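K.L.:
Okay, structure incoming, though there's no sequence with it:
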């Protein structure tokens, strides 16, 4: 398909999952249209902007324009105020998502992807010739486009999935209701990220400080949705910021829902693949999803090309996407989900006990893997599964 | 349930927890289909921006 109303693939949503899907589909010879609801990709930012570095180069050359800070260490604070510092095994970054997302789009467009912003997809229709028509509103004007494969990268609220018959909504406990402030007029170590745990600070979640410079940081809280009826996430954050950074000025507020669930049981349907948050491909423990989205996007883009080469866009033909995702991260995420409650719902006493066991370890030799080794020694019943999950997933702050 | 459009940040949290798919994301805010909404309150609980209320 080549004319302007017909494409092999239409990608809905221009976040990292969408851009990378579009790019790899185009690189493999497909005609690709990417539709973005907002004015620009990456705006508004709904992310804490942290990402670990390993493997990032597969998708994009590291560029200082979209890096706010390079991270070399993480500090974990337990409810009693104890702090564990660990060096990162792999360098991490706090990004400028607005620039980063644009850069990913630029790469896709340089591979031939046609991108339209301010294009809000409003519905779909299946056609008798095994194609799909998507309806969208571009600057108030009703338009439609025909394609063979839709890649749904429309975020946690994925409507695209539901149009194709997939159940995409989440249980309350599987959504992290999150608020983040970008704050200025503070003093932080720009190479260290911090996490604060405790039922009084963030039940079923944690508070994070991701530095963007020596004087500014993203400070946010994510709490499990099942706790949100007692007290709003923003109230937890206000209390934390007032206590920790009394002179801070808030320059940017982000509200976001993060799917901390396992990957959807079905991420494909006839003519459809879901990627990123839409497919719930976020790490259920950390809530991190940028790199996961890009990994899924690459697989989806390549799978689309293969399906069209074989002239079969049925769910069966798209199944390799699902299988390859499962192999790449799906099974690990499922395993992490099974231990999520042990991590995020641990009592304050338990968290304090863990930090006691680790506090004498020298930071320059202390890694996340070491943390869990120590924990296993002291409390194997509690943490063995958790340690295994972290080691398997190679999470590095 | 009703959405206060002046507060809604279209983060999508409410859409994800709605058990009857009554909420959709429009261009500048979320919309609740009153014919479908069962008033279960999930969206009200989860909304981090306090943009959802019982009454219009």
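P.N.:
That came through, no problem. What you see is a predicted model, and the numbers here were worked out from it, not measured in a lab.

K.L.:
For the chain, identify the residue most remote from the centre.
P.N.:
I went with chain A, as the question did not name one. Most distant from the centre of chain A: residue A:128, at 35.9 Å, with distances by C-alpha atoms, centre = their mean.

K.L.:
helix, strand or coil for that residue?
P.N.:
coil (DSSP: H, G, I helix; E, B strand; the rest coil).

K.L.:
For residue A:165, see how far away it is.
P.N.:
Separation of residue A:128 from residue A:165 (C-beta to C-beta, to the nearest Å): 18 Å. Placement of C-beta: from N, CA and C, glycine included.

K.L.:
can you check residue A:57 too?
P.N.:
Separation of residue A:57 from residue A:165 (C-beta to C-beta) stands at 37 Å.

K.L.:
now the helices for the chain?
P.N.:
Here I'm looking at chain A. Here chain A has its helices, by DSSP state H, at A:16-27, A:97-110, A:159-163, A:233-244, A:290-309, A:315-325, A:331-344, A:348-358, A:368-378, A:380-393.

K.L.:
The intended chain is chain B.
P.N.:
Here chain B has its helices, by DSSP H, at B:13-17, B:42-46.

K.L.:
average pLDDT across the first one?
P.N.:
The one in question is helix B:13-17. Averaged over helix B:13-17, pLDDT sits at 88.

K.L.:
what comes up buried for it?
P.N.:
B:13-17 (16 or more other C-beta atoms under 10 Å in any protein chain shown).

K.L.:
Skip the chain neighbours and tell me the closest residue to the most centrally placed residue in chain A.
P.N.:
In chain A, the residue lying closest to the centroid (C-alpha atoms, centre = their mean) is residue A:289, at 1.8 Å. For residue A:289, ignoring the flanking residues on the chain, the nearest one in space by C-beta to C-beta, 6 or more residues apart in numbering or on different chains is residue A:282 at 3.7 Å.

K.L.:
list the contacts for that neighbour?
P.N.:
Residues in contact with residue A:282, defined by C-beta atoms under 8 Å, 6 or more residues apart in numbering or on different chains, are A:258-261, A:288-289, A:292, A:333.

K.L.:
try it again with 7 Å
P.N.:
Going by C-beta atoms under 7 Å, 6 or more residues apart in numbering or on different chains, residue A:282 touches A:258-260, A:288-289, A:292.

K.L.:
Distance check, the residue in the stretch 51-200 of chain A that chain B sits nearest to against residue B:12.
P.N.:
Relative to chain B, the nearest point of the stretch 51-200 of chain A is residue A:157 (3.2 Å; C-beta to the nearest C-beta). In this view, residue A:157 and residue B:12 are 3 Å apart by C-beta to C-beta.

K.L.:
Between these two, which contacts overlap?
P.N.:
Each of residue B:25 lies in contact with both residue A:157 and residue B:12 under the rule C-beta under 7 Å, 6+ apart.

K.L.:
Close to chain B: what parts of chain A are there?
P.N.:
Counting by C-beta under 7 Å from any C-beta of the partner chain, chain A comes close to chain B at A:37, A:46, A:120, A:155-157, A:159, A:162, A:169-170, A:172, A:175, A:177-179, A:225, A:228-229, A:232-234, A:255-257, A:259.

K.L.:
circling back to that earlier point, next, the residue of the stretch 51-200 of chain A closest to chain B: phi, psi?
P.N.:
Dihedral angles of residue A:157 (phi, psi; degrees, to the nearest 10) stand at phi -90, psi 10.

K.L.:
Surely it is in contact with residue B:10?
P.N.:
No: applying C-beta atoms under 7 Å as the test, residue A:157 and residue B:10 come out as separate, 8.1 Å apart.

K.L.:
residues shared between the contacts of the two?
P.N.:
The contact sets of residue A:157 and residue B:10 overlap at residue B:25 (C-beta under 7 Å, 6+ apart).

K.L.:
Any regions of the chain where pLDDT drops low?
P.N.:
Unless you meant another one, I'm taking chain A. Applying pLDDT under 70 to chain A flags the ranges A:1-3, A:341, A:343-344, A:358, A:360-397.

K.L.:
was after chain B, sorry
P.N.:
Low-confidence segments of chain B (pLDDT under 70): B:56.
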